[in-house]
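Undergrad: Build me a structure from this.
(one chain, ligands or ions: 2)
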Amino acid sequence: MKLFESIEIGGIQVKNRIVMAPMTSHYSRNGLVTERMIHFYQERARGGVGLVTVEDGIVDYPLGKNTDNPLAADHDRCIPGLTRLSQAIKKEGAKAMLQLSHAGRRAGYLSSRTMHLTRTGGRLPVAPSPLAHPSPGHVVPRPLSVNEIDDIVKSFGQAARRTVEAGFDMIGLHCAHMYLLGQFLSPWANKRKDAYGGDLESRLKIVLDIIKRINDEVGPDYPIVCRMNGQEPEEGNTAEELRYIAKVLESHGVAALHVSVGFGNILWGKNFIPAEATMGMPEGCIVHLAENIKQAVSIPVIAVNKIRHVDFAERVLQENRADMIALGRPLLADPYWVKKAQQGRWDEIRPCVSCCQGCVGNIEKGRPITCLVNPILGREKTDRIRPVKAKQTKRILVLGGGPAGLEASIVASQRGHRVMLWEKKMDLGGRLKIAAKPPWKTELSEFMAFLHQQAVNEGVQIVLNRAADVDAVQLENPDVVVVATGSRPHIPEFAVKSNGLLKTVEEILNDGAAALGDSAVIIGGGLVGLETAHYLLERGKTVTIIEMQDTMGQEMPAITRIPLLLQLGEKGAQLIVQAYASELTPNAVKIEVKGEEKLISADFVVLCTGDEADPELAAELSGYGIPVHVIGDCRQPGDMLAAVRQGFMVGRVM
Ligand SMILES: Cc1cc2nc3c(=O)[nH]c(=O)nc-3n(C[C@H](O)[C@H](O)[C@H](O)COP(=O)(O)O)c2cc1C
Ligand code: SF4
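TA: Ligands and ions are numbered 1, 2, ... in the order given. From the prediction side, this is the model:
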């Protein structure tokens, strides 16, 4: 396969055509490399990737910070940690690159909680022009003077020197995603009239000055890989101008181009694709942008963004649309993507489902990244991929075939236990199956299929249509029982007597809405409420959503929340916040909004106010002296990421 052919970048031989895309992990501490970070990257290198790009190293800390806790490359004290990191990556046979970056105006994020510019330590952010980044919460930056631009050019040069001293094979230059260098390149953000703004030549000047400065610092033969946007907002560079930029970069010695997209979670309304394409967007949705750049240059061009499947990645290369493929989230989901692909074990690749829940979502909250489908992400040292064999083989009975129960079964089987799984329904999946029903959610069923297949491969004995009670479990006589039987809907007091108006989410998403009337009221505007609304709107219903908080979808990352809210608005949903439902009448819901009572007529009402744990079976079994573990929704409803993690942990300790 072409994916596994070697390729040369600026005189450096890379063993295959797969690049790990740069991803801020929040595993660094005060900008410095940590052991956790080293293990995270080393595991991906061990997994077979040809070139590992280490996340944004900020050249001017804290003024250039892109998030709350990025990696720094601004001081010589960074060198020892970076050296250990590059060595760990290279030890596994991969080449290592560090991406150098400055966030410019995107560092100017005012925390709504503290009303403080947390990223820059209270300093005004800098940019080519005094224009705030249009995402909510960004302040107007201070335009850079020519002397300050010169200082920034020097900072990039010094950071490049540190990169080389730390043993990295290549230097990555972040000109994409509308960070500082992207801002200078684009007339969308650069309104200067001096030598650094105006025509394209002038907008390119800072990047070319930096390339020259890097060459002066580390020598002309050291490969520089530029990441650039392949698409800009309407007032930005056109596709033709972007091709021109690529050509100029090549003529100034850039060794490869990595074509990404995105402006910082904005402009969805205009159908722009975000840097991290979400569920429902097609596979390889920006490969055409890499293709556009490839037409202009002869250096290697790297394509990225939602390239998840081996055959798709191979096809992009075979069709000559790009020279290399970068994987970001797919390598968070499965660090061994490359090895498994090469060995033909495609069905063993843990599929990234593009949910952005644990990765982008945690970066937004300032937390270290986690992953919905990979319970080990960020714990590569402590939690082994293949858990060590158990000292004593046990007979384990897992009750419930949702994500938690399946994950526990797989891990327990891998450790040598004999595992039987009972599922009371005719098919597996539990809440995961239901969660995959709304529009834009189909990727979730790939995770479901993966878990099922893995359980079969590991020899888990799956019994469907088998409800559990104490007698049946005692008859089976297992050594340990894992209860993963899920939760039950929480019915608030006002809804107990519902006159048949009330439906559960499960009833609705199992095609239960077809026979109902046209108008629906959804109580609860969290993730489940919004997605159920989307499902109903697609089926021609009119929908009103009632939410107690002052925003809808509060627990969702902006990258998925904003497009969903825009879509619901476009399809005519009525969203009412700060509202309490107080009564169900035979054909309406009585609500209270800001002290005022209102009646919202409804043919049916869907309750999306959350579930409650269902611990009775577990308590009963424990009463009979059977060792029991309770996991998933059954223990704490609502968090699939936690459920998968609990399944993994239980499988690991039994
Ligand atoms: C958690 C996370 C952090 C990211 N941080 C960076 C970054 O530091 N620099 C960068 O250029 N891109 C960053 N990206 C974008 C990725 O490099 C990549 O372009 C994007 O995730 C799409 O590729 P994928 O679908 O293979 O994940 C980040 C993405 C994620 C998910
Ligand atoms: S959290 Fe979701 S999008 Fe992020 S890597 Fe995991 S599966 Fe992919």
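Undergrad: Residue numbers of the stretch 301-450 of the chain in contact with ligand 1?
TA: 304-306, 327-330, 359-360, 363, 369 (Cβ under 6 Å from any ligand atom). The way it works is simple: take the backbone N, C-alpha and C, and place the C-beta from them, glycine included.
Undergrad: Quick check: strands, which of these are part of them?
TA: Among those, the members falling in strands (DSSP state E) are residue 327.
Undergrad: Just the buried ones among the residues of the stretch 301-450 of the chain next to ligand 1, please.
TA: Taking 16 or more other Cβ atoms under 10 Å as the criterion, what is buried in these is 304-306, 327-330, 359-360, 363, 369.
Undergrad: between the residues you listed, which is closest to residue 215?
TA: residue 304 (26.1 Å; Cβ to Cβ).
Undergrad: give me the beta-bridge partners of the nearest residue to the closest one once chain neighbours are set aside?
TA: Counting by Cβ to Cβ, 6 or more residues apart in numbering, residue 304 lies nearest to residue 326, which is 3.9 Å off, once chain neighbours are set aside. Per DSSP bridges, the residues bridged to residue 326 are residue 19.
Undergrad: Against residue 195, how distant is residue 326?
TA: 33 Å (Cβ to Cβ, to the nearest Å).
Undergrad: Please say which of the two ends up with more neighbours.
TA: residue 326 (27 against 13; other Cβ atoms under 10 Å).
Undergrad: Was I right to think that one contacts residue 19?
TA: Yes. Checked against Cβ atoms under 8 Å, the pair residue 326 and residue 19 is within contact range at 4.2 Å.
Undergrad: Could you name every residue contacting both of these two?
TA: Common neighbours of residue 326 and residue 19 (criterion: Cβ atoms under 8 Å, 6 or more residues apart in numbering): 53, 258, 302.
Undergrad: helix, strand or coil for the first one?
TA: Each residue gets one of three states, and residue 53 gets strand by DSSP: H, G, I helix; E, B strand; the rest coil.
Undergrad: burial of it, as a residue count?
TA: Count around residue 53 with other Cβ under 10 Å applied: 26.
Undergrad: what does the second one give?
TA: Under the neighbour criterion other Cβ under 10 Å, residue 258 is assigned a count of 30.
Undergrad: Can you name the helix or strand that it falls in?
TA: Residue 258 is located in strand 256-260, with elements delineated by DSSP states H and E.
Undergrad: partner strands of the helix or strand of the chain with the lowest mean pLDDT, parallel or antiparallel?
TA: Ranking every helix and strand in the chain by mean pLDDT, DSSP states H and E puts strand 488-489 at the bottom, with a mean of 85. In the sheet, strand 488-489 lines up against strand 611-612 (antiparallel) (DSSP bridges).
Undergrad: Could you tell me the average pLDDT over the strand it pairs with, please?
TA: The pLDDT scores in strand 611-612 average 88.
Undergrad: ok, now stretch 258-269?
TA: 76.
Undergrad: Next: stretch 6-13.
TA: Stretch 6-13 comes out at a mean pLDDT of 98.
Undergrad: buried set for it?
TA: In stretch 6-13, counting by 16+ other Cβ under 10 Å, buried: 7, 9-10, 12.
Undergrad: One more: stretch 640-654?
TA: Buried, per 16+ other Cβ under 10 Å, within stretch 640-654: 640-652, 654.
Undergrad: of those, closest to residue 476?
TA: residue 654 (16.0 Å).
Undergrad: how close does the closest one get to residue 590?
TA: 50 Å.
Undergrad: What count of nearby residues applies to the closest residue to ligand 2 within the stretch 1-150 of the chain?
TA: Closest approach between the stretch 1-150 of the chain and ligand 2, counting by Cβ to the nearest ligand atom: residue 23, at 9.0 Å. Neighbours of residue 23 under the rule other Cβ under 10 Å: 22.
Undergrad: these two touch, right, it and residue 359?
TA: Yes. If you go by Cβ under 8 Å, residue 23 and residue 359 touch, sitting 7.2 Å apart.
Undergrad: what residues are shared contacts of those two?
TA: What both residue 23 and residue 359 touch, as defined by Cβ under 8 Å, 6+ apart, is the set 329, 332, 369.
Undergrad: Make a markdown table from those and add distance to ligand 2 and pLDDT to it.
TA: Listed next are these as a markdown table, based on distance: Cβ to the nearest ligand atom, whole Å; pLDDT from 0 to 100:
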| residue | distance to ligand 2 | pLDDT |
| --- | --- | --- |
| 329 | 4 | 98 |
| 332 | 4 | 98 |
| 369 | 8 | 98 |
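Undergrad: and which of those is nearest residue 263?
TA: Distances from residue 263 to the shared contacts of residue 23 and residue 359, taken by Cβ to Cβ, are shortest for residue 329, at 19.0 Å.
Undergrad: How about the contacts made by the closest one?
TA: 23, 276, 352, 354, 356, 359, 371.
Undergrad: Give me the subset of those that lies in strands.
TA: Using DSSP E, none of those sit in strands.
Undergrad: now these: which count as buried?
TA: So, by 16+ other Cβ under 10 Å, the buried ones in these are 23, 276, 352, 354, 356, 359, 371.
Undergrad: And these, which two are furthest apart?
TA: Between any two of those (Cβ to Cβ), the greatest distance is 14.0 Å, for 23 and 354.
Undergrad: How about the residue in the chain positioned nearest to ligand 1, nearest residue that isn't a chain neighbour?
TA: In the chain, the residue that lies nearest ligand 1 is residue 328 (2.7 Å; Cβ to the nearest ligand atom). Counting by Cβ to Cβ, 6+ apart, residue 21 is the residue found nearest to residue 328 once chain neighbours are left out, at 3.6 Å.
Undergrad: Surely that neighbour and residue 327 touch.
TA: Yes. Shown here, residue 21 and residue 327 form a contact pair, counting by Cβ under 8 Å, at 6.3 Å.
Undergrad: List the residues that are in contact with both of these two.
TA: residue 304.
Undergrad: From one end of stretch 464-476 to the other, what's the distance?
TA: 15 Å (Cα to Cα, to the nearest Å).
Undergrad: Please name the residues that touch the residue nearest to residue 179 when sequence neighbours are not counted.
TA: Using Cβ to Cβ, 6+ apart and skipping the chain neighbours, the partner closest in space to residue 179 is residue 103 (5.0 Å). Residue 103 makes contact with 58, 64-66, 119, 125, 179-180, according to Cβ under 8 Å, 6+ apart.
Undergrad: and the gap between residue 103 and residue 86?
TA: 23 Å.
Undergrad: quick one on the thing from earlier: what average pLDDT does the helix or strand following the least confident helix or strand of the chain get?
TA: Using DSSP H and E, the helix or strand that follows strand 488-489 towards the C-terminus is strand 502-503. Computed over strand 502-503, the mean pLDDT rounds to 88.
Undergrad: Make residue 1 into 222 and carry on from there
TA: In the new numbering, first residue 222, that becomes strand 723-724.
Undergrad: partner strands of strand 723-724, parallel or antiparallel?
TA: Strand 723-724 is paired, per DSSP bridges, with strand 825-828 (parallel).
Undergrad: From the rest of the structure, what touches the partner strand?
TA: 710-713, 716, 719, 722-726, 729, 734, 737-738, 741-745, 750, 753, 757, 805, 810.
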